[in-house]
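Enquirer: got a predicted structure plus its sequence, pasted below:
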Amino acid sequence: MESLTNCDEEEQPSSGMTNSWSKQEAFRGQMPKCAGGFVLVHAGAGYHSESKAKEYKHVCKRACQRAVDQLRAGALAVEAVTAALVELEDSPFTNAGMGSNLNLSGEIECDASIMDGKSLHFGAVGAISGIKNPALVANCLLAEAQKGKLSAGRIPPCFLVGRGARDWAVSHGIPSCPSEKMATKFSLSAYKRNKRKMELAEKMDAGQNQTKKRRQSSENENGSGCLDTVGAVVVDSEGNVAAAVSSGGLAMKHPGRVGQAAHYGCGCWAENACNMNSYSTAVSTSGCGEHLVRTMLARECSAAMQSEDAHQALLEAMQNKFISSPFLATEDRVLGGVIVLRCCRCVEAQASPDIQGAMVEFLWSHTTESMCVGYMSAQDSKAKTHISRLPPGTVPGQSLAIEGGVCRLMGVVD
């Protein structure tokens with residue numbers, strides 16, 4: 001696997017490393033069996049304090065390892081991406097599953113979705129409470145939909161919310177979890193702190209601006225920031241891709257609010273190569289849910305990845321479809337981030353045509369202060385992690401960072 005472009009350099013990574021490879025249209029044959037697969041995860045786009053950098057990186061490493069364990073065992077992409085999400089949800093340092101942000105009522109309501117690039121099926125839950133791993137429910141919805149129609153010709157649901165989502169999950173063997181056990185000491189203290197600030201702000205008309213400054217400063221000091229979402233993208237040994245996303249939503253959100261993590265085309269997107277698309281693509285987003293919903297950023301980035309230059313395509317998509325989007329024209333700061341994976345069938349130019357594989361390009365981009373990512377191929381002994389940060393002097397929500405790398409997964413054609 002090729003190393004990540006040096007993140008200390010100002011020069012942006014490019015996809016120029018593909019020059020020695022010739023792309024073949026995927027519809028001319030199945031993707032060849034490759035060595036295991038590849039996973040890219042993120043622990044949210046927002047603010048990651050230096051004091052907690054080790055914890056953020058550690059959970060990304062564990063999530064990558066969980067996915068790779070599945071891939072090495074022969075699992076398909078959708079199962080591997082679910083395994084990564086479960087690991088991310090179980091961490092007390094992420095805003096997903098256990099330890100998620102509390103809403104105005106002091107309760108945890110989570111969103112999650114998964115998309116399978118092979119079948120193009122999608123499963124999602126919104127504002128679900130009392131379930132430790134919302135990603136498992138999204139995966140179960142996707143799997144049930146793939147079985148076909150229900151009795152009397154009914155169409156199976158792909159998106160459930162609230163109590164109905166919880167009841168469906170329990171009826172399909174996913175255990176419930178008492179709400180009080182979902183919260184952690186950190187999330188409870190953050191809720192109490194935010195509640196005090198809201199009450200103070202409501203009483204102080206003249207001091208609202210100063211209160212806002214104190215709130216932003218406190219968020220940075222405590223490392224809570226705006227870690228709205230976690231996610232993962234995977235390609236398996238057969239060349240199938242899958243994407244997933246999970247979130248506890250914004251702190252102090254209104255009960256019942258559903259963010260981008262559950263919306264089709266907004267939180268994640270995955271699509272295998274076909275007659276119309278030369279590349280297989282998988283995308284997972286993070287950031288301010290309302291901004292991501294109004295721009296359908298996951299699907300927009302996936303469509304952009306059909307261009308020849310992946311780096312330039314993502315740069316233009318983030319700039320034109322997000323920061324400068326007419327749908328967000330009234331917003332002063334547009335906050336979000338994406339991880340992107342794309343792969344194509346390749347033949348090494350200087351080798352036998354019988355030696356084929358997949359070239360995987362992986363990228364991340366964000367307009368927030370930082371974004372924590374991890375990645376690993378099934379050929380690697382351990383995952384690599386990185387906290388990407390905006391260049392000094394730039395303004396979050398008005399500028400962006402973009403980095404990435406390339407991985408070659410080789411296989412032999414039968």
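Expert: Sure, I can see it. Numbering: from 1, shown residues only.
Enquirer: next, L104: secondary structure please.
Expert: Per DSSP: H, G, I helix; E, B strand; the rest coil, the local secondary structure of L104 is coil.
Enquirer: any idea how far it lies from Y191?
Expert: Going from L104 to Y191 by C-beta to C-beta, to the nearest Å gives 10 Å. From N, CA and C alone the C-beta is placed, and that goes for glycine too.
Enquirer: over to the residue positioned nearest the centre of the chain: give its phi and psi.
Expert: Nearest to the mean C-alpha position of the chain, counting by C-alpha atoms, centre = their mean, stands G231 at 2.7 Å. Backbone geometry at G231, expressed as degrees, to the nearest 10, gives phi -170, psi 170.
Enquirer: that one contacts L292, correct?
Expert: No. With contacts counted by C-beta atoms under 8 Å, G231 stays clear of L292, the gap being 11.4 Å.
Enquirer: burial of N133, as a residue count?
Expert: Neighbours of N133 under the rule other C-beta atoms under 10 Å: 25.
Enquirer: quick one on the thing from earlier: which residues do L104 and Y191 both contact?
Expert: M252 (C-beta atoms under 8 Å, 6 or more residues apart in numbering).
Enquirer: tell me which of those two has more neighbours.
Expert: Between L104 and Y191, counted using other C-beta under 10 Å, Y191 has the larger neighbour count: 20 against 15.
Enquirer: measure the residue nearest to the centre of the chain to G46 for me?
Expert: 13 Å.
Enquirer: what's the overlap in contacts for the two?
Expert: Common neighbours of G231 and G46 are listed as S286 (criterion: C-beta under 8 Å, 6+ apart).
Enquirer: residue contacts, M198?
Expert: Counted by C-beta under 8 Å, 6+ apart, M198 has contacts M252.
Enquirer: give me the phi and psi angles of it.
Expert: phi -60, psi -40.
Enquirer: ok, now how distant is it from R66?
Expert: Plainly put, M198 is 37 Å away from R66 if you go by C-beta to C-beta.
Enquirer: what's the answer for C158, then?
Expert: C158 is 25 Å from R66, by C-beta to C-beta.
Enquirer: those two - which one has more neighbours?
Expert: When C158 is set against R66 and neighbours are counted by other C-beta under 10 Å, the residue ahead is R66, at 22 against 16.
Enquirer: how about the helices in the stretch 1-150 of the chain?
Expert: Assigned by DSSP state H, counting those that start in this stretch, the helices in the stretch 1-150 of the chain fall at 53-72, 77-90, 134-146.
Enquirer: hey, which of these is tucked in deepest?
Expert: Mean neighbour count (mean count of other C-beta atoms under 10 Å) peaks for helix 77-90 among these, with a mean of 28.
Enquirer: which among the helices of the stretch 1-150 of the chain is found nearest to E331?
Expert: helix 53-72 (26.6 Å; C-beta to C-beta).
Enquirer: and that closest one, what does it pack against?
Expert: strand 37-46, helix 77-90, strand 230-236, strand 370-377, strand 384-389 (3 or more C-beta pairs under 8 Å, 6 or more residues apart in numbering; DSSP states H and E).
Enquirer: E180 is nearest to which of those?
Expert: helix 77-90 (17.1 Å).
Enquirer: helices or strands next to that closest one in the packing?
Expert: Counting by 3+ C-beta pairs under 8 Å, 6+ apart, helix 77-90 packs on strand 37-46, helix 53-72, strand 110-116, helix 134-146, strand 230-236, strand 241-247.
Enquirer: distance from it to the middle of the chain?
Expert: For helix 77-90, the distance from its own C-alpha centre to the chain's C-alpha centre is 11 Å (C-alpha atoms, centre = their mean, to the nearest Å).
Enquirer: same thing with stretch 368-381?
Expert: 12 Å.
Enquirer: stretch 92-109 too?
Expert: Stretch 92-109 sits 17 Å away from the centroid of its parent chain (C-alpha atoms, centre = their mean).
Enquirer: next, the buried residues of it.
Expert: 93-103, 107-109 (16 or more other C-beta atoms under 10 Å).
Enquirer: just to revisit the earlier point, which one of the helices and strands packed on helix 77-90 lies closest to A383?
Expert: helix 53-72 (3.6 Å).
Enquirer: contact partners of the closest one?
Expert: For helix 53-72, using C-beta under 8 Å, 6+ apart, the contacting residues are 36-37, 39, 41-43, 48, 79-81, 83-88, 91, 93-94, 232, 234, 236-237, 372-378, 380, 382-383, 385-387.
Enquirer: then stretch 254-262?
Expert: Here stretch 254-262 has contacts from 103-105, 107, 109, 111-113, 124-127, 159, 161-162, 228-229, 245-247, 249-250, 253, 266-267, 285, 287, 289-290, 292-293, 297-298, using C-beta under 8 Å, 6+ apart.
Enquirer: let me see the mean pLDDT of it.
Expert: Averaging pLDDT along stretch 254-262 yields 97.
Enquirer: need the helices of the stretch 1-150 of the chain in JSON lines with distance to V241, can you?
Expert: Below are the helices of the stretch 1-150 of the chain laid out as JSON lines (distance: least, C-beta to C-beta, whole Å):
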{"stretch": "helix 53-72", "distance to V241": "12"}
{"stretch": "helix 77-90", "distance to V241": "6"}
{"stretch": "helix 134-146", "distance to V241": "14"}
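Enquirer: can you lay out those as TSV showing mean pLDDT and distance to P178?
Expert: Converted to TSV, these look like this (pLDDT from 0 to 100; distance: least, C-beta to C-beta, whole Å):
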stretch	mean pLDDT	distance to P178
helix 53-72	97	23
helix 77-90	98	16
helix 134-146	98	16
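Enquirer: tally up the residues packed near G36, please.
Expert: 22.
Enquirer: is it in contact with A378, as I believe?
Expert: Yes. In this structure, G36 is within contact of A378 by C-beta under 8 Å, at 2.1 Å.
Enquirer: overlap in contacts, the two.
Expert: Common neighbours of G36 and A378 (C-beta under 8 Å, 6+ apart) are 68, 71-72, 237, 409.
Enquirer: once you drop chain neighbours, what's closest to G289?
Expert: G259 (2.8 Å; C-beta to C-beta, 6 or more residues apart in numbering).
Enquirer: of all the helices and strands packed on helix 77-90, which lies closest to P175?
Expert: Using C-beta to C-beta, these put helix 134-146 closest to P175, at 9.4 Å.
Enquirer: export that closest one as CSV, just CAs?
Expert: Extracted in CSV, the C-alpha atoms of helix 134-146 (Å, rounded to 0.1, in the frame of the first residue of the first chain):
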residue,chain,number,x,y,z
PRO,A,134,-28.2,2.1,15.3
ALA,A,135,-26.0,0.8,12.5
LEU,A,136,-27.1,-2.7,13.2
VAL,A,137,-30.8,-1.7,12.7
ALA,A,138,-29.9,0.1,9.4
ASN,A,139,-28.0,-3.0,8.2
CYS,A,140,-31.0,-5.2,9.2
LEU,A,141,-33.4,-3.0,7.3
LEU,A,142,-31.2,-3.2,4.2
ALA,A,143,-30.9,-7.0,4.5
GLU,A,144,-34.7,-7.4,4.9
ALA,A,145,-35.4,-5.2,1.9
GLN,A,146,-33.1,-7.4,-0.2
